[in-house]
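Visitor: sequence first, then the predicted structure:
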Amino acid sequence: MTHTSFQLPPLDSLRAFEAAARAGSFSGAAEAANMTHGSISRQVAKLEQWLGLKLFERQARGVELTTDGQRLLERTREAFALIADTSDRWIEPRGTEVVRLTSLQSVCGLWLMPRLTQLETGNPALRIVLRVDGRMSDMEEDGMELAVRCGRGSVPGRVSVKLSEEWCYPVANPEMAAKIGDGDPERLLAYPLIHDSDASGWRAWFAAQGLDYQPRPKDRRFDDYNIVLDAAAHGLGIALSRPMLAEAALASGRVVQIDDRTALNPNSYWLDRPIRPLRPGAAALAERIGAAAGLNPAHMAVFLRNVR
């Protein structure tokens, strides 16, 4: 394993180790740290491999520190105390009502954030820890309980349910819309087209109109849909409205619909969970997300099967 120049063990592994030592069990540490038993176990194993030392004796009802583990615990607590005294820290909330949810930046900002109060309010009352992540991270490893993503199907190692499909249509700012006017779909090709991550949306829209489209040098691409909408609102070109995300921009008039023709986006919105059972709070949040997206309750019941 490659070490840093300071020979520092992994910080996440140290945190898992300290939690397990404090709780006297991996299950207790998982509950206190709002992680899974498997995550704690893997982090401790990683630390033992890094150090080349055995830190715990595994017992029937928990774990007990070895002599090496006791020495490391003392030094770890001293180091954590020093860091706490010399830095301003953000302490993530913990507890049975806290649920860890991850999604893309655009989904977080444009769909989840306006609904966050609604999603947290109810019986039980929840506290959502929202993590922005543009990668297909390992939910189990990262301690994530739910994920809202955009894609074309299920992801291996997860349980998935399709939240929503969307029918896209072209939008632009009001000034550009007035110039474009009504007419055949070919008229849009006189203007720059704005993509988010790839050209699949525009290809699908033009294909639905019987046209073959290939990206051109004058077109623009942005990885985040927030920026796509901003670019369209500032007159940089024509974007495709993704109704689930463009609701506020359309309602405010920043962008307006310029063509009534629609096409099904090849990508859909999905709600994922790890294969392991969900805690009751996470299951409740899944149900609220499904209701907010208009998901058929029967499909949510299948998603939540065997989690309670």
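Guide: Structure received.
Visitor: list the contacts for the residue lying closest to Leu101 once chain neighbours are set aside?
Guide: The shortest distance from Leu101 to any non-neighbouring residue, by CB to CB, 6 or more residues apart in numbering, is to Leu146 (4.8 Å). The C-beta positions use only the backbone N, C-alpha and C, and glycine is treated the same way. Contacts for Leu146 (CB atoms under 8 Å, 6 or more residues apart in numbering) come out as Val99, Arg100, Leu101, Thr102, Leu271, Asp272, Arg273, Leu278, Ala282, Leu285, Ala286, Ile289.
Visitor: and Phe80, how many neighbours does it have?
Guide: 14 (other CB atoms under 10 Å).
Visitor: got it, and Ser160?
Guide: 17.
Visitor: where does it land in three-state SS?
Guide: strand (DSSP: H, G, I helix; E, B strand; the rest coil).
Visitor: what's across from it in the sheet?
Guide: Asp272 (DSSP bridges).
Visitor: surely it is in contact with Ser154?
Guide: Yes - here Ser160 reaches Ser154: they are 4.1 Å apart, a contact under CB atoms under 8 Å.
Visitor: name the strands paired with the helix or strand harbouring Arg149 and say parallel or antiparallel.
Guide: Element membership of Arg149 [criterion: DSSP states H and E] is strand 146-151. Strand 146-151 sits in its sheet next to strand 98-103 (parallel), strand 268-274 (antiparallel), going by DSSP bridges.
Visitor: for Arg77, find the nearest of those strands.
Guide: Closest approach to Arg77 among these (CB to CB): strand 98-103, 24.1 Å.
Visitor: show me the contacts for the residue nearest to Tyr225 when sequence neighbours are not counted.
Guide: Nearest residue to Tyr225 in three dimensions, chain neighbours excluded: Ser106, at 3.7 Å (CB to CB, 6+ apart). Contact analysis of Ser106 by CB under 8 Å, 6+ apart lists Asp196, Asp224, Tyr225, Asn226, Leu245.
Visitor: ok, Cys168 touching Arg203?
Guide: No - here Cys168 lies out of contact with Arg203, judged by CB under 8 Å, at a distance of 11.3 Å.
Visitor: these two: which has the busier surroundings?
Guide: For the pair Cys168 and Arg203, the greater number of neighbours falls to Cys168 (23 against 18), based on other CB under 10 Å.
Visitor: can you tell me the SS state at that one?
Guide: Following three-state DSSP, the label given to Cys168 is strand.
Visitor: can you pull out the helices in the stretch 151-300 of the chain?
Guide: Taking DSSP state H, counting those that start in this stretch as the criterion, the stretch 151-300 of the chain carries its helices at 174-180, 200-208, 225-233, 243-252, 280-292, 297-303.
Visitor: quick one: the strands in the stretch 51-200 of the chain?
Guide: In the stretch 51-200 of the chain, the strands defined using DSSP state E, counting those that start in this stretch lie at 56-59, 62-65, 98-103, 127-132, 146-151, 158-164, 167-172, 193-196.
Visitor: now do the last one, average pLDDT.
Guide: Mean pLDDT, computed over strand 193-196, is 95.
Visitor: return the residues in contact with Leu245.
Guide: The contact partners of Leu245, by CB under 8 Å, 6+ apart, come to Ser106, Val107, Leu110, Trp111, Tyr225, Leu229.
Visitor: apologies, that question was intended for Gly24.
Guide: Gly62, Val63, Glu64.
Visitor: what's around Glu165, how many residues?
Guide: For Glu165, the count of nearby residues is 12 (other CB under 10 Å).
Visitor: likewise Lys162?
Guide: Using other CB under 10 Å: Lys162 sits among 17 other residues.
Visitor: quick one on the thing from earlier: quick one: the strands of the stretch 51-200 of the chain as a markdown table, columns for distance to Leu119 too.
Guide: As requested, the strands of the stretch 51-200 of the chain are exported to a markdown table (distance: least, CB to CB, whole Å):
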| stretch | distance to Leu119 |
| --- | --- |
| strand 56-59 | 38 |
| strand 62-65 | 35 |
| strand 98-103 | 9 |
| strand 127-132 | 6 |
| strand 146-151 | 11 |
| strand 158-164 | 13 |
| strand 167-172 | 25 |
| strand 193-196 | 24 |
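Visitor: mind checking which of those is nearest Thr36?
Guide: For these, proximity to Thr36 was assessed by CB to CB; strand 98-103 is nearest, at 10.5 Å.
Visitor: which outside residues touch that closest one?
Guide: Applying CB under 8 Å, 6+ apart, the set of residues contacting strand 98-103 from outside is 34, 112, 126-133, 137, 139, 142-149, 279, 281-282, 285.
Visitor: same deal with stretch 39-53?
Guide: Taking CB under 8 Å, 6+ apart as the rule, stretch 39-53 contacts 1, 3, 9-10, 12-17, 19-20, 26, 29-30, 33, 54-56, 66, 68-69, 72, 140-141, 143.
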